[in-house]
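Participant: Just the structure for this:
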Amino acid sequence: MGDRGAKNKNVSKSKINKFYLGCILVFIWPFIYCFNYVFANESFSLTIGNDFWYIYNCKVYLLDKLSNFNLPLWSPSEGSGIPFFSNPFTQVFYPLNALLVAIYEINNGYSYADHQKFTVLGLSIFALGLLYWLRSLHVNIIPAILAVCIVSASSKIIEIMRFPNAVHTIAWVPFILYGCTLALNNAKQIKSGLIIFVSVILMITAGYPYNAYYSFFLIFPYILVLIFAIRKKYCFKEYFFNLKRYLLTLVVSFVAAFAICYPYIRSVKTLMDQIGFRGGNDFEFSTFFKFTLTDTVGSLIYPPIAHIEGWYYFGMMSILIVICMCLYMIINRIHYKKQLMFSGIILVWFITITYITYGENSYLFKFLWEYFPSFSRLRVWPRMSIILLPVFAYLLSSAFGFFSDGLNEKKLREKKQDSRFKYFVISVILIYAIILFVQVHFFNNKVFDERLVSYSKGLFENFNEKIYLITSVVSFALLISFLFASRFIKNKKTAVIVFFVAFFIVNVFDLYMANSRQWSLLIKPDTVRKKIGVDELNSKSLLTPRTNKISLISTTPVFSVVGIEEWYYERYENFLKNYSNDLTDTTGEHVLVPFEELMGLINGKRIFCSNNINYETIKDFLVDSKNYESSELIKLQIEKYNGDELAFMLETNENGYCTFIDNWDSDWKASVNEKEIHIEKLFGTFKSVKIEKGINKVVFKYSPKIFSWF
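Facilitator: Predicted structure coming up:
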């Protein structure tokens with residue numbers, strides 16, 4: 001008994017060691033696969049493009065504030081002012097910022113190259129979560145590691161690297177799935193509850209509401225499937241399951257996490273309500289990006305024809321072995337009833353999610369858009385395919401398990417004379433023939449997403465979409481060779497290992513050609529570590545001319561008055577439209593002086609005193625302001641400006657108004673001589689307060705309600 005106990009203990013210890021080794025492997029794998037972004041000063045180094053630069057600038061702005069133990073609340077440098085803390089792209093409350101603040105202080109700044117590494121870290125967290133989740137489903141360690149490495153390098157997860165906040169949001173979803181699975185075991189419900197609680201907070205604060213919202217359509221169905229499976233004793237038979245305790249654990253964990261995040265969620269919603277396109281109920285806005293059956297086919301077997309925003313290609317080899325597994329189970333359905341049932345559930349769920357992504361061509365989408373809470377606020381619905389990745393990882397790991405266990409030596413001997421194996425091989429060949437026909441059809445007819453192919457050709461000098469046909473044929477040849485060879489090779493374990501290695505190499509090459517450089521720039525990432533000094537930058541901005549060029553957050557004292565319409569206050573955009581006659585001359589070639597003067601484009605001036613603020617034109621307001629300031633204004637002295645607070649002293653001979661050309665928001669407060677005063681609006685968007693004859697100490701302070709709750 002003692003020897004048997006020691007032996008079992010050694011076996012258990014060996015499994016634990018393998019698991020932790022697997023954790024290390026999957027964690028470092030994204031850094032290996034994304035080496036172009038990790039190593040900054042090499043000939044192969046690349047820079048992530050698209051919106052990455054904006055998110056990087058937001059991060060530098062945030063880290064500077066946090067390193068001085070301040071939260072940046074308002075961003076005055078873009079579109080004449082917009083909230084910073086409730087802009088989800090800024091990740092103000094994301095706990096991993098603590099790590100970045102330490103890096104910021106140790107390295108005396110934060111570089112573009114640093115932020116690329118931080119983005120890859122998100123992929124590593126995602127991969128680690130997938131492994132923990134798959135192991136909680138009792139998937140063997142080797143198949144789990146292989147599946148995780150493939151899915152964490154698939155086209156969808158690599159494509160969103162241009163949005164670091166999107167990567168870090170989806171990174172915590174597998175941990176939530178893991179917590180939901182672990183909670184099935186009554187003995188581990190406290191641990192599982194903590195995992196869910198922490199992971200949900202990290203997911204929400206990571207700063208990409210789209211992925212957090214999409215996850216509902218994965219997590220809730222997954223919980224229902226888990227309850228069904230364990231009550232039917234299809235899995236986890238060793239657990240003593242109590243439905244009430246399970247649901248209580250989930251409800252307490254999720255509700256507690258949402259309660260912690262609610263002030264932040266409410267602040268984000270409040271901001272979105274003030275942005276015309278983001279308020280919801282604009283069907284054209286929600287369905288602007290199209291995704292069709294052709295895109296789905298491309299995402300599965302031929303990536304050049306899939307729209308980049310929604311594709312999720314994870315390799316031709318992966319698709320083939322999943323098809324093999326499904327065909328084998330169908331042909332031998334007597335022995336695989338439970339597996340087929342779960343496969344059917346996954347297929348129905350996959351079709352449902354895919355159908356939603358078809359937008360205006362989907363009746364289900366239209367129903368959800370009309371009745372499901374907050375559904376109409378979002379757009380680019382092809383991105384919803386991100387929630388397919390964990391399920392792909394499960395299918396792929398199951399397929400690996402099928403090849404390593406389902407076709408082992410004993411079963412092969414039993415099937416040698418069984419015609420079902422022949423049917424299986426013939427079915428695989430027929431399915432692949434159809435796939436190859438579709439691929440060749442698209443290739444010959446030049447059916448592809450021009451942006452993807454032309455973009456890839458710009459990055460790969462000799463790129464040709466024919467490469468996907470080649471990898472397809474190689475993948476099939478490798479697969480069919482293994483199926484035949486496995487019946488004659490005596491050492492089946494060796495055959496499986498050789499196949500897995502060959503599979504991994506071919507599949508990774510396939511993925512690398514498809515997605516490794518999407519949204520990249522053929523330049524080395526900037527390694528200069530910025531330390532900008534936000535408070536000083538904001539103070540200097542009052543003496544620095546602003547620009548009317550479209551720009552987002554600035555890391556210099558040059559601030560922009562023009563923003564992107566879909567991300568800035570609707571009232572401010574209306575101001576720009578309503579005063580277009582003051583904005584450009586009849587030829588439309590340059591900005592007119594009145595607008596330049598009001599917006600600080602000439603000298604940076606943003607504080608104006610006047611007799612009145614009720615004017616229909618900028619010119620009339622400026623005439624009043626010049627008359628008032630020349631005759632009634634004695635003194636104006638700035639005492640403080642850090643972006644979130646402006647304090648100044650002014651002395652006048654008459655009552656009047658003082659206006660700060662910075663956008664109004666309901667959370668801005670004002671006081672004159674330490675008495676709170678109502679803020680009025682100039683041209684419907686800028687902050688104005690009444691002033692009295694004599695000395696006035698005026699303070700504008702941004703005080704979001706979220707902080708009054710604590």
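
Participant: Met239 and Leu131, how far apart?
Facilitator: Actually, residue 239 is Tyr rather than Met. 21 Å (Cβ to Cβ, to the nearest Å). Glycine gets a C-beta too; all of them are placed from N, C-alpha and C.

Participant: between these two, who's got more neighbours?
Facilitator: Leu131 (27 against 15; other Cβ atoms under 10 Å).

Participant: Spit out the contact partners of that one.
Facilitator: If a contact means Cβ atoms under 8 Å, 6 or more residues apart in numbering, then Leu131 has 22-23, 26, 144-145, 148 as its contacts.

Participant: Can you tell me which of those residues end up in helices?
Facilitator: Of those, the ones assigned to helices by DSSP state H are 22-23, 26, 144-145, 148.

Participant: before we move on, back to that, most neighbours among the contacts of Leu131, please name it.
Facilitator: Within the contacts of Leu131, most neighbours by other Cβ under 10 Å means Val148, with 30 neighbours.

Participant: hang on, that one packs against Leu130?
Facilitator: Yes. With contact defined as Cβ atoms under 8 Å, Val148 and Leu130 form a contacting pair (4.6 Å).

Participant: which residues do these two both contact?
Facilitator: 26, 393.

Participant: Name the spans of the stretch 151-300 of the chain whose pLDDT lies under the cut-off.
Facilitator: 237-238 (pLDDT under 70).

Participant: 90 instead, please
Facilitator: 185-187, 229-242, 273, 275-291 (pLDDT under 90).

Participant: Helices of the stretch 1-150 of the chain, start to end?
Facilitator: According to DSSP state H, counting those that start in this stretch, the stretch 1-150 of the chain carries its helices in the segments 2-33, 35-38, 52-67, 97-106, 112-136, 141-151.

Participant: Among the ones you listed, which comes closest to Lys705?
Facilitator: Lys705 sits nearest to helix 52-67 of all the helices of the stretch 1-150 of the chain, at 19.9 Å, using Cβ to Cβ.

Participant: hmm, who's touching the closest one?
Facilitator: Under the criterion Cβ under 8 Å, 6+ apart, residues 71-72, 75, 84, 87, 89-92, 97, 100-101, 104-105, 110, 112, 115-116, 119, 161-165, 519, 530-534, 552-555 lie in contact with helix 52-67.

Participant: Then stretch 222-235?
Facilitator: 137-138, 177, 180-181, 184, 236, 239, 241, 243, 246, 250, 338, 341-342, 345.

Participant: Among these, which one has the most neighbours?
Facilitator: Comparing these by number of neighbours (other Cβ under 10 Å), Leu177 comes first, having 28 neighbours.

Participant: Next, that one: secondary structure please.
Facilitator: Leu177 falls in the helix class when you classify it by DSSP: H, G, I helix; E, B strand; the rest coil.

Participant: distance of it from Ile679?
Facilitator: 47 Å.

Participant: Next up, the contacts around the residue nearest the centre of the chain.
Facilitator: The structure's the chain has its C-alpha centroid closest to Ala166; by Cα atoms, centre = their mean the separation is 1.1 Å. Contact analysis of Ala166 by Cβ under 8 Å, 6+ apart lists 160, 208, 210-211, 386.

Participant: if we go to 7 Å?
Facilitator: 160, 208, 211 (Cβ atoms under 7 Å, 6 or more residues apart in numbering).

Participant: Assess the claim that the second one and Val167 are in contact.
Facilitator: No. The criterion here is Cβ atoms under 7 Å, and Tyr208 misses it with Val167 at 8.2 Å.

Participant: Poorly predicted segments of the stretch 601-710 of the chain, please.
Facilitator: 602-604, 616, 633, 705-710.

Participant: Tell me where it has strands.
Facilitator: 607-610, 633-641, 645-652, 656-663, 668-672, 675-677, 680-682, 686-691, 694-702 (DSSP state E, counting those that start in this stretch).

Participant: Give me the neighbour count for the nearest residue to Ala113 once chain neighbours are set aside.
Facilitator: Nearest residue to Ala113 in three dimensions, chain neighbours excluded: Ala40, at 3.8 Å (Cβ to Cβ, 6 or more residues apart in numbering). Residues lying near Ala40 (other Cβ under 10 Å) number 19.

Participant: and Ala40, how far is that from Tyr110?
Facilitator: Distance from Ala40 to Tyr110, by Cβ to Cβ: 13 Å.

Participant: Report the angle between the helix or strand hosting Leu320 and helix 141-151.
Facilitator: Element membership of Leu320 [criterion: DSSP states H and E] is helix 316-331. For helix 316-331 against helix 141-151, the angle by axes from the mean of the first three to the mean of the last three Cα atoms, to 10 degrees is 130 degrees.

Participant: what's helix 316-331 in contact with?
Facilitator: 150, 300-301, 336, 339-340, 343, 395-396, 398-399, 402-403, 406, 420, 423-424, 427-428, 431-432, 471-472, 475-476, 479, 503, 506-507, 510.

Participant: Mark which of those residues are buried, thanks.
Facilitator: The neighbour count (16 or more other Cβ atoms under 10 Å) marks 150, 300-301, 336, 339, 343, 395-396, 398-399, 402-403, 406, 424, 427-428, 431-432, 471-472, 475-476, 479, 503, 506-507, 510 as buried among the contacts of helix 316-331.

Participant: Please flag which of these sit within strands.
Facilitator: Among these, none falls in strands (DSSP state E).

Participant: In helices only, show me the residues you listed.
Facilitator: Filtering the buried ones among the contacts of helix 316-331 for helices - DSSP H - leaves 150, 300-301, 339, 343, 395-396, 398-399, 424, 427-428, 431-432, 471-472, 475-476, 479, 503, 506-507, 510.

Participant: any idea of the pLDDT on the nearest residue to Leu552 once chain neighbours are set aside?
Facilitator: Counting by Cβ to Cβ, 6+ apart, Leu552 lies nearest to Tyr54, which is 4.6 Å off, once chain neighbours are set aside. We have a pLDDT of 91 for Tyr54.

Participant: Give me the distance between the two termini of stretch 169-178.
Facilitator: From its first residue to its last, stretch 169-178 covers 16 Å (Cα to Cα, to the nearest Å).

Participant: Sorry, slip of the keys, the one I care about is stretch 39-59.
Facilitator: So stretch 39-59: terminal residues 20 Å apart, Cα to Cα.

Participant: List the buried residues for that stretch?
Facilitator: Buried, per 16+ other Cβ under 10 Å, within stretch 39-59: 39-40, 45-48, 51-59.

Participant: same deal with stretch 642-657?
Facilitator: If you call a residue buried by 16+ other Cβ under 10 Å, then stretch 642-657 has these buried ones: 642-648, 650, 652, 656-657.

Participant: The strand or helix carrying Phe217: what's the following helix or strand?
Facilitator: Element membership for Phe217 (DSSP H and E) is helix 216-231. Using DSSP H and E, the helix or strand that follows helix 216-231 in sequence is helix 243-273.

Participant: Could you give the separation of that next one from the chain centroid?
Facilitator: Centroid displacement of helix 243-273 relative to its chain, using Cα atoms, centre = their mean, to the nearest Å, is 19 Å.

Participant: Could you list every helix and strand that the very next helix or strand once past that helix packs against?
Facilitator: As assigned by DSSP H and E, the chain's next helix or strand after helix 243-273 is helix 283-286. Using 3 or more Cβ pairs under 7 Å, 6 or more residues apart in numbering; DSSP states H and E as the contact definition, helix 283-286 packs against no other helix or strand.

Participant: buried stuff in helix 283-286?
Facilitator: Buried, per 16+ other Cβ under 10 Å, within helix 283-286: 285-286.

Participant: Which residues outside that helix are in contact with it?
Facilitator: 277, 369, 376, 378-379.

Participant: Ok, stretch 532-544 next?
Facilitator: By Cβ under 7 Å, 6+ apart, stretch 532-544 touches 60-61, 64-65, 72, 76, 555-559, 604, 606, 638, 641-643.

Participant: could you redo the last one with a cut-off of 8 Å?
Facilitator: 60-61, 64-65, 68, 72, 76-77, 554-559, 603-607, 638, 640-643.

Participant: What mean pLDDT does that stretch get?
Facilitator: Mean predicted lDDT for stretch 532-544 stands at 92.
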